[in-house]
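Enquirer: Provide a 3D model corresponding to the input given below.
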Amino acid sequence: MAVIRKAVIPAAGWGTRFLPATKALPKEMLPLGDKPLIQHSVEEATSSGIEQIIIVTSSGKSAIEDHFDRSFELEYALERKGEMGLLGEVRRIAELGNICFIRQKEQLGVGHAILSAKEIVGDEPFAVFLPDDIFEAEVPLLKQMLEVYQRYKGSVIAVCQVTRKDTKRYGIIKPNQIAERVYQVLDMVEKPEAEDAPSDLAILGRYILTPEIFEALEVTPPGKGEEVQLTDGLALLLKQQAIYGYEFEGTYYDAGKPLGLLKASVALALRHTEIGADLRGYLKKLISDI
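Expert: Residues are numbered from 1 along each chain as shown. Sure thing, here's the model as predicted:
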């Protein structure tokens with residue numbers, strides 16, 4: 001049984017990397033396969049035993065709320081057409097879990113978005129999903145991390161190895177390996193240059209956090225872009241209690257930029273039972289014709 005009941009999904013950002021596509025459409029609703037990005041995180045959460053999901057949104061993000069709500073008109077239309085498979089799927093989406101929404105009044109960073117959920121989370125450990133980060137794994141990533149949390153009873157962050165030239169794109173930990181795939185975090189740096197990086201282990205978008213993170217975020221000064229960075233808050237928390245890094249088993253896709261989303265879309269589509277074979281043939285022909 002999972003010891004973590006709640007999860008926070010920050011979904012309030014501007015999505016500027018995808019402009020103009022995200023001028024009126026929330027980035028989190030961009031399609032990855034036949035699902036919007038954010039649905040992948042919600043499904044990972046529910047399959048890992050999460051009972052309540054708190055999605056932090058902002059102005060112009062009502063499409064996210066609509067997606068996880070019932071649509072009686074659509075359901076009626078599908079039923080009349082005899083599209084019972086699609087009818088079952090849209091109803092399933094509305095029943096994925098206990099989802100609530102809270103507004104981040106100003107887009108002041110991921111740390112600030114998580115702090116917005118403090119009153120709903122309360123005084124208990126919780127998970128955080130960054131919907132830009134997509135993970136394919138036989139065992140859902142959060143479920144893997146729950147085993148680490150149960151063993152060490154401290155905050156757990158997902159990490160993976162990156163090239164030195166890419167350290168400036170991530171938070172990087174200074175690790176001390178204590179078990180297979182598990183590290184005690186000695187320090188962390190937000191987006192360091194290669195020569196300043198304490199390792200090549202990057203922090204990715206899955207976290208299990210103790211409630212003390214809220215106190216740390218409340219006193220975390222704004223960083224780059226005047227935003228409250230979660231990594232900076234974690235660095236403050238690290239002064240009070242142990243934090244562990246878990247090098248996950250699975251495949252990671254950075255869907256927070258156009259090329260990454262395209263790569264993830266192709267990879268998932270190639271494994272799709274209905275369209276994978278046709279897409280594989282099309283790509284082979286496309287490449288041969290170039």
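
Enquirer: what helix or strand does the residue lying closest to residue 141 once chain neighbours are set aside sit in?
Expert: Of all residues not flanking residue 141 in the chain, residue 135 sits nearest, at 4.5 Å (Cβ to Cβ, 6 or more residues apart in numbering). In this view, the C-beta of every residue, glycine as well, is placed from N, C-alpha and C. Following DSSP states H and E, the helix or strand that holds residue 135 is strand 133-136.

Enquirer: OK, contacts around residue 163?
Expert: Contacts of residue 163 were listed using Cβ atoms under 8 Å, 6 or more residues apart in numbering, and they are residue 200.

Enquirer: ramachandran coordinates for it?
Expert: The phi/psi pair for residue 163 (degrees, to the nearest 10) reads phi -70, psi 160.

Enquirer: how near is it to residue 106?
Expert: The spacing between residue 163 and residue 106, counted by Cβ to Cβ, to the nearest Å, is 35 Å.

Enquirer: in this protein, where is pLDDT below threshold?
Expert: The model of the chain has pLDDT under 70 over residues 1-2.

Enquirer: now the helices for it?
Expert: 37-47, 62-67, 72-81, 84-94, 110-116, 118-121, 141-152, 212-218, 230-238, 258-270, 276-289 (DSSP state H).

Enquirer: would you reformat the ones you listed as JSON lines and include distance to residue 245 and mean neighbour count?
Expert: What follows is the helices of the chain, written out as JSON lines (distance: least, Cβ to Cβ, whole Å; neighbours: other Cβ atoms under 10 Å):
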{"stretch": "helix 37-47", "distance to residue 245": "19", "mean neighbour count": "22"}
{"stretch": "helix 62-67", "distance to residue 245": "30", "mean neighbour count": "15"}
{"stretch": "helix 72-81", "distance to residue 245": "43", "mean neighbour count": "12"}
{"stretch": "helix 84-94", "distance to residue 245": "33", "mean neighbour count": "13"}
{"stretch": "helix 110-116", "distance to residue 245": "18", "mean neighbour count": "24"}
{"stretch": "helix 118-121", "distance to residue 245": "22", "mean neighbour count": "15"}
{"stretch": "helix 141-152", "distance to residue 245": "9", "mean neighbour count": "19"}
{"stretch": "helix 212-218", "distance to residue 245": "15", "mean neighbour count": "20"}
{"stretch": "helix 230-238", "distance to residue 245": "11", "mean neighbour count": "22"}
{"stretch": "helix 258-270", "distance to residue 245": "22", "mean neighbour count": "16"}
{"stretch": "helix 276-289", "distance to residue 245": "34", "mean neighbour count": "10"}
